[in-house]
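> Need a 3D model of the sequence below.
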Amino acid sequence: MRHTHDVILTWADPDPDPDPPLWARAWDWLWEHLVTWRMLLAILAALTPWLGGHSPVSLWSDTVHQARTEAGILAAYVITAVALTTAWALDRHTGRAVPRFLLVTASLGAFGVFDWWDPILALTGVHK
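Next up is the predicted model:
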């Protein structure tokens, strides 16, 4: 009686490329959707001081800060929120350069509505 064993060697396939980490996928998505010629043109137009030595962002920031001073905190936040929402909806609907310019201007200029005391006022209710 003869006993034999057959040995079959197979090579394992190399591991497929693992999925990139979440931050890498998020970065790729942001780069693909935000870094376009429209966005670069909108940022350049919004930050360049071409309105009498002021940029549209600085003028919008000054406008909402003045609204905060004259009309009150709530009114300034409402004006800023409406401008941001309108600019976002317009940009989302059309995707053209001018609405993107308005979105960049409204987004960056919205920082003019903030005051350093706002977080303290929101947390404690203590006015200046």
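> by contact count, what packs against the helix or strand containing D62?
Using DSSP states H and E, D62 sits in helix 56-71. Judged by 3 or more Cβ pairs under 8 Å, 6 or more residues apart in numbering; DSSP states H and E, the packing partners of helix 56-71 are helix 37-47, helix 73-94, helix 97-109. The C-beta positions use only the backbone N, C-alpha and C, and glycine is treated the same way.
> Nearest to D118, out of these?
helix 73-94 (7.7 Å; Cβ to Cβ).
> Am I right that I8 sits in a helix?
No: assigned with DSSP: H, G, I helix; E, B strand; the rest coil, I8 falls outside any helix and is coil.
> ok so, going back, how about the helix holding D62: buried residues?
56-58, 60-61, 63-65, 67-68 (16 or more other Cβ atoms under 10 Å).
> which one among these gets closest to L22?
Once Cβ to Cβ is applied, the member of the buried residues of helix 56-71 that ends up nearest L22 is V57, at 31.3 Å.
> distance of the closest one from L121?
Remark: distance between V57 and L121 (Cβ to Cβ, to the nearest Å) = 25 Å.
> what do you get for T69?
T69 is 15 Å from L121, by Cβ to Cβ.
> Repeat that for H54.
On the measure of Cβ to Cβ, H54 and L121 end up 29 Å apart.
> got it, and P49?
32 Å.
> and if you look at G95?
From G95 over to L121 (counting by Cβ to Cβ), the distance is 38 Å.
> cool, and L102?
30 Å.
> Settle it for me: which of the two has more neighbours?
L102 (21 against 13; other Cβ atoms under 10 Å).
> can you pull the contacts of the more buried one?
Applying Cβ atoms under 8 Å, 6 or more residues apart in numbering to L102 gives the contacts 87, 90-91.
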